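Enquirer: Here's my sequence, what's the structure:
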Amino acid sequence: MRALFFSSQSYDQDSFSAAPVVDGLELHFLPTRLNEDTAILAAGHEVVCAFINDDLSAPVLERLAAAGTRLIALRSAGYNHVDLAAAKRLGLTVVRVPAYSPHAVAEHAVALILALNRRLHRAYNRTREGDFSLHGLTGFDLHGKTVGVVGTGQIGLAFARIMAGFGCQLLAYDPCPNPEVLALGARYLALDQLLRQSNIISLHCPLTPQTRHLINIQSLGDLQPGAMLINTGRGALVDTPALIEALKSGQLGYLGLDVYEEEAQIFFEDRSDQPLQDDVLARLLTFPNVIVTAHQAFLTREALAAIAGTTLDNIARWMVGEPQNLVEG
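Expert: Presented below is the predicted three-dimensional model:
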């Protein structure tokens, strides 16, 4: 049995090589992103392991199935990039990693909050140039501030616990309230009410048709002037062009993004010697109160080990006819 890993980086190979070996399974790694043109590379591989920015649309799945692929093993929790109806029609099994380290993503969201609030990115650049002045670096105490948590699954819960430790007041929005979040003293509100009352809003919900562009030009108008928005969930939770006007007007005072709606053609590659072709992202990067990281919130040793272990276990269970962590349309 052969498995081909698309969009694999050195850290992927390291983490999968350190995981327990699955008898009868050969692992092959490619840095190439999966799409219609590269699907042919999977010929002879019963298993294709894909990441979040790989293309798993119907045309790609058709090519994979025709070349002998029978299992799509996602090394991610999200599966909005998979055409599940096409997978079912083609007889392809799809499995995922439902959880790895919620702490990794939650802690990165907090890191963005702290960096934006205390202007750490600006201070770092200044001191390296010999400028030790403090003008323009004034922040605010997190203690006593109101933090809105949008999506209160495992990651949202981990984030809420950290912010409660700072002494923040917690508001939450989720169709399914989490008793553990309520136990932290959080109040569940409608989204518009949460946006109006929060100093900081952090997005931790999955991308679904209902949550696509959850933050848009209208909902941005509900923010307190100068509020902070953090997105470590999925890029398309936010209507990105709408952020620019909100930043220009001051309605949005701080923005931290680890995900971007059009990231598939940009992130995970060194493009420092090329002009940035995405005008919206280029504009966002000009704002001093914006920090963009390239989808690295998951990137901890613990999370990588958990992703590798669960992915290989998913494949092993499928090989013996006992599939787990199935994704079904």
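
Enquirer: Next, give phi and psi for the closest residue to Leu214 other than its chain neighbours.
Expert: The spatially closest residue to Leu214, leaving aside those adjacent along the chain, is Leu237, at 5.2 Å (CB to CB, 6 or more residues apart in numbering). From N, CA and C alone the C-beta is placed, and that goes for glycine too. Main-chain dihedrals, Leu237, degrees, to the nearest 10: phi -70, psi -20.

Enquirer: wait, Leu237 sits on Ile215?
Expert: Yes. In this structure, Leu237 is within contact of Ile215 by CB atoms under 8 Å, at 6.3 Å.

Enquirer: what's the overlap in contacts for these two?
Expert: Leu203, Asn231 (CB atoms under 8 Å, 6 or more residues apart in numbering).

Enquirer: Hmm, Asn325 and Val97 touching each other?
Expert: Yes. Judged on CB under 8 Å, Val97 makes contact with Asn325 at a distance of 7.0 Å.

Enquirer: show me where pLDDT drops low in the protein?
Expert: For the chain, the stretches flagged by pLDDT under 70 are 329.

Enquirer: That one: strands as residue ranges?
Expert: With DSSP state E, the ranges of strands along the chain come out as 2-5, 26-29, 47-50, 71-74, 93-95, 146-150, 169-173, 187-188, 200-203, 227-231, 252-257, 290-292.

Enquirer: Just send the ones you listed back as CSV, with mean neighbour count too.
Expert: Formatted as CSV, the strands of the chain follow (neighbours: other CB atoms under 10 Å):
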stretch, mean neighbour count
strand 2-5, 22
strand 26-29, 16
strand 47-50, 27
strand 71-74, 24
strand 93-95, 22
strand 146-150, 26
strand 169-173, 22
strand 187-188, 17
strand 200-203, 26
strand 227-231, 26
strand 252-257, 23
strand 290-292, 20
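
Enquirer: Is it possible to get JSON lines of those that adds distance to Thr311?
Expert: As requested, these are exported to JSON lines (distance: least, CB to CB, whole Å):
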{"stretch": "strand 2-5", "distance to Thr311": "9"}
{"stretch": "strand 26-29", "distance to Thr311": "10"}
{"stretch": "strand 47-50", "distance to Thr311": "6"}
{"stretch": "strand 71-74", "distance to Thr311": "6"}
{"stretch": "strand 93-95", "distance to Thr311": "8"}
{"stretch": "strand 146-150", "distance to Thr311": "28"}
{"stretch": "strand 169-173", "distance to Thr311": "31"}
{"stretch": "strand 187-188", "distance to Thr311": "34"}
{"stretch": "strand 200-203", "distance to Thr311": "25"}
{"stretch": "strand 227-231", "distance to Thr311": "25"}
{"stretch": "strand 252-257", "distance to Thr311": "26"}
{"stretch": "strand 290-292", "distance to Thr311": "28"}
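
Enquirer: For Tyr124, which of those strands is the nearest?
Expert: strand 290-292 (11.4 Å; CB to CB).

Enquirer: any idea which residue sits dead centre in this structure?
Expert: The centroid of the chain falls nearest to Gly233 when counting by CA atoms, centre = their mean (4.2 Å).
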